[in-house]
Every structure is written in structure tokens, then in C-alpha cells.
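Trainee: Please find the sequence and the predicted model below.
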Amino acid sequence: MSDLFAAAGLEKDAPRPLADRMRPKNLSEVVGQDHLLGPEGALTRLLRANSLGSLIFWGPPGTGKTTVARLLAHETTYVFVQLSAIFSGVADLKKAFEAARARRLAGQGTLLFVDEIHRFNRAQQDSFLPYVEDGSVILIGATTENPSFELNAALLSRARVMTFKSLDEEAIRKLLARAENVEGKPLPVDADAREALIAMADGDGRAALTLAEELWRAAEPGETFDRRKLAEVVQRRAPIYDKAQEGHYNLISALHKCVRGSDPDAALYYFARMLDAGEDPLFLARRIVRMAVEDIGLADPQALVVANAAKDAYDFLGSPEGELALAQAVVYVATAPKSNANYNAYKAAQRLAKEHGSLMPPKIILNAPTKLMQREGYGEGYQYDHDAPDAFSGQNYWPESLGRKKLYRPVERGFEREIGKRLEYWERLRRERGDAS
């Protein structure tokens, strides 16, 4: 399209977004991806060795995936062809593949860039394979989603994944400085507002330049925005977060591990991040209950009570007051003593049940409602624990062929320390009464 504008002599008059005007002309101008494009970066090494193969560019929006793909074609002799999985179908793919194969026969390579490649279905992704294998195309697919989940294993095995990182604050600062040079004027913000603007970009270079452009449009001559005015002029960009995709799982994983690691401050941070991004508070409430039973268990039995109470409080109060109850539960479970002893015991019991099938319990703990069962010895010899010394008979309740097993091993933390003492006491009584089998 830009070539058509140029041919008509209209390109200079056509309005172009700042982000488009500032698109890097060579790889050295790309910011924030030194691990790929620095002197010893992964892509730099491939270009230096002249061994560019099919690649998957994986990373958040605005990190330079499309730009780098274009520039790679300029660094080589390949013809650059771009498709978008959003707008392209089977016919477009077939046309691109046939043209690429014709170029290959003429001695010309094709670099086929497919944006949002994860949006192609499995069959469409498979259609790339023969053309990648015979060298008709060097495929570069760009995706914001985890390739492990969204791309066919066969396609992934034929391409190397290059991970693009969110731009850090220094990279965003460089972009804004370049924008000021391009526009020939400083951003109409004070130092504090500039830092707020960098944070608003959320690691997205395109968003940073778009926000800067909005500021220049909004500012009166000589006007300088502070942080408060900045927030009024530029509506804060929504966090990058899809509740059905990887961002969702990354943050809930982070929250859970912070609780398990007894860091209430980090746990609250990720909890707030998820709420800020629009997560369902009841989903978070369910996960807090899970943390209480999986990572705390009987080290603090109150954790489950608190987690359930927080869920009930949210149901009763609604938003936004109810979120405070959930935040209180987050702090409680993060600061509670930790134990996965019950979790491990349950898993071990599941394995034992599956491995040994339908073993008969010992007859002493079976009821005998019929005379036949009484004659067979059901219930014979059972000792009623309340009548035994210390209210503990110490009888063996395990199937005879299995023998006694130890599944639950309480930790020396919190309330489980007391449980451990009880178990040791009962074990001693069993030994004394001759039934430690």
C-alpha cells in the first residue's frame, strides 16, 4: 500500500502514525531485544553464519516481531511476503506457496511472515510443512500465545522459537527520546509524568509511541502535564491479560507460588494484578481455598475456615468491598505455617488403592448383620476404642495381605507438630500392646 502512495506522489501527504514513521530501518535500531539482536544475540549469530531457518517469534504486542521479520528479509536475499492469519484463508496460503515454489525454481528464496500464526487451525498449520521441508519458504510465524499450546508439534519441530521480551523501562525511554527527535519537540510532561507514561506503556513500544502522540495532540502551546493531568488526558491502557490464555495462568501460578513461599507482599501484588485485569474474584476465592488445603492443610486448620469465610464475605458484600476479605485471606494463607503432608498422604492413598485393587478389610472391623456373617467371624474380636485404656485399642485395621502402611507424615510446623506427637504416642501404645504390624 505504501508503494502505491509513493507512486501517486501522495506518501508525504498521507497521515502516518508515529509508531509507523519510527519503524526501525535496520536491526541495530530495534530496542529491548539485545538477547536476540545484540552482538552475541541468537538472531545475530544465525545471520552471521548465514544459516537462517524457519522461526517462531513469540512475545507480547509491541515488542518488534513484525519489524524484525521485515528487516531479516532486508539482511538476506529473500523476497518478503506477509500474511495475517486473521485475514488470510486457504486460498491465500495456496497462492503464497505456489508463488514461493516458483521463485525457488528460479533460484530465489521466500521469507514468509505469518502474523498471529496461532489463529490458523491445525489443518492450516500442517499445510506449511511440505513447503518448509523442501525449502520453498523460510517461515517466520509471530504469536502472542505460548507456541507449546497453540502450534502443532510437527510445525514446532521444524522451527526455532525466538522469545521477544516486553520492553523494559530503559527501552521505552529510548523510544520516547527518539520520538522527541523525530517530532522536533519534547514531550509535554514533567519528570514524574514521564515515568508514569513509561509505566502505562506496559512494555509495549507501539503503545508508548501512541500515548506520546496523543499527548502532543492534546497539549496546548507551552502546556506541561503532571501525573494527574496525564491520567486525565491519556486513559490508562488495559493490562495485557486474557483470562482464557497464558497471562491468566502465569499470574495465578505466580500468586499460588508466592503463597506457598510465604511471601504475603508478593502474593498481594499478583492478587491485585489479576483483579486489576478483570479476573473473576470468585475464581480467585476458589484458588485461595485450594491453597489452604493443598499447601497448608493441618499445619493450620483455620486456613480453610478463613478461605471459605472470605468467599462467603465476597458473596455477601459484593464488589469492591468483598475484595478486601479475599485480600485478608491471601495474607492469612501466605503467612500460615505450610504443610503438604495431607496432600501427599491423599495422593499416596490413591496410588495404593489403584495398585492393590479390592482387598478385603480385616473381619474385625466388618459388621455382622446376618447369622451367616457371624458364623464367618465378621466383627469377631473387635475392641470398642472408647472402652480401651486411653480410648485407644491399637488394633490393626489394614487388609492382612497389605500390612500397615504409613501415608500421612505430619511436618514439624504449626498444628501438625501436635498431630505428630499424638501419632507417635499411639504408635508407642501399639508396640506396647503387641500390634505394631
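Mentor: The structure has been received and is ready for your questions.
Trainee: so where's the stretch 201-350 of the chain shaky on pLDDT?
Mentor: 236-247 (pLDDT under 70).
Trainee: three-state assignment of Ile140?
Mentor: Secondary structure, DSSP: H, G, I helix; E, B strand; the rest coil: Ile140 is strand.
Trainee: Make sure it is actually in contact with Leu72.
Mentor: Yes: counting by C-beta atoms under 8 Å, Leu72 is a contact partner of Ile140 at 7.1 Å. C-beta here means a position set from N, CA and C on the backbone, and glycine is covered the same way.
Trainee: Which residues are in contact with each of the two?
Mentor: Leu111 (C-beta atoms under 8 Å, 6 or more residues apart in numbering).
Trainee: These two: which has the busier surroundings?
Mentor: Using other C-beta atoms under 10 Å, the more surrounded residue of Ile140 and Leu72 is Ile140, with 28 against 22.
Trainee: The more buried one and Leu46: what is the separation?
Mentor: 12 Å (C-beta to C-beta, to the nearest Å).
Trainee: quick one: common contacting residues for the two?
Mentor: By C-beta under 8 Å, 6+ apart, no residue touches both Ile140 and Leu46.
Trainee: Surely Val90 and Gln124 touch.
Mentor: Yes: under the criterion of C-beta under 8 Å, Val90 makes contact with Gln124 at 6.8 Å.
Trainee: Which secondary structure state does Gln425 sit in?
Mentor: For residue 425 the amino acid is Tyr, not Gln. From three-state DSSP, the assignment for Tyr425 is helix.
Trainee: how is the chain carved up into domains?
Mentor: If you go by automatic domain parsing, the domain ranges for the chain are 33-163, 169-233, 246-335, 355-432.
Trainee: what mean pLDDT would you report for the longest one?
Mentor: Meaning domain 33-163. Here domain 33-163 scores 89 as its mean pLDDT.
Trainee: Could I get the full set of strands for this structure?
Mentor: 55-58, 79-84, 110-115, 138-143, 160-163 (DSSP state E).
Trainee: Provide the contact partners of the second one at residue level.
Mentor: Residues outside strand 79-84 that contact it (C-beta under 8 Å, 6+ apart): 66, 69-70, 73-74, 92-93, 96, 99-100, 103, 108-116.
Trainee: Kindly supply the ChimeraX command isolating those of these that are buried.
Mentor: To isolate the buried members of these in ChimeraX, using 16 or more other C-beta atoms under 10 Å:
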select :66,69,70,73,93,96,99,100,103,109,110,111,112,113,114,115,116
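Trainee: got the domains of the chain as JSON lines, with distance to Ala19 columns?
Mentor: Formatted as JSON lines, the domains of the chain follow (distance: least, C-beta to C-beta, whole Å):
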{"stretch": "domain 33-163", "distance to Ala19": "8"}
{"stretch": "domain 169-233", "distance to Ala19": "4"}
{"stretch": "domain 246-335", "distance to Ala19": "23"}
{"stretch": "domain 355-432", "distance to Ala19": "53"}
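Trainee: Identify whichever of those lies nearest to Arg16.
Mentor: Closest approach to Arg16 among those (C-beta to C-beta): domain 169-233, 10.7 Å.
Trainee: mind checking the end-to-end distance for that closest one?
Mentor: The first and final residues of domain 169-233 sit 21 Å from each other (C-alpha to C-alpha, to the nearest Å).
Trainee: Pull the distance from it to the chain's centre.
Mentor: In terms of C-alpha atoms, centre = their mean, to the nearest Å, the centre of domain 169-233 is found 29 Å from the chain centre.
Trainee: same question, stretch 122-132
Mentor: Centroid separation between stretch 122-132 and its chain, computed with C-alpha atoms, centre = their mean, is 27 Å.
Trainee: What residues does the residue nearest the centre of the chain make contact with?
Mentor: A centroid search over the chain (C-alpha atoms, centre = their mean) returns Asn250, at 2.2 Å, as the residue closest to the centre. Neighbour list for Asn250: empty [criterion: C-beta under 8 Å, 6+ apart].
Trainee: So that it lines up with my notes, have the first residue be 44 from now on.
Mentor: Right, with 44 as the first residue, what we last looked at is Asn293.
Trainee: quick revisit: who's more crowded, Val133 and Gln167?
Mentor: Gln167 (17 against 11).
Trainee: In contact with the more buried one, which residues are there?
Mentor: Gln167 is in contact with 128, 133, 136, counting by C-beta under 8 Å, 6+ apart.
Trainee: of those residues, closest to Ala214?
Mentor: Distance to Ala214 across the contacts of Gln167 (C-beta to C-beta) is lowest for Ala128, with 27.3 Å.
Trainee: neighbours around the closest residue in space to the closest one that isn't next to it in sequence, how many?
Mentor: Closest residue to Ala128 in three dimensions, ignoring its sequence neighbours and counting by C-beta to C-beta, 6 or more residues apart in numbering: Arg162, at 3.9 Å. Arg162: 16 surrounding residues under other C-beta under 10 Å.
Trainee: Next: Arg88.
Mentor: Using other C-beta under 10 Å, Arg88 is surrounded by 12 other residues.
Trainee: And it, how close does it get to Leu95?
Mentor: Using C-beta to C-beta, one obtains 10 Å as the distance from Arg88 to Leu95.
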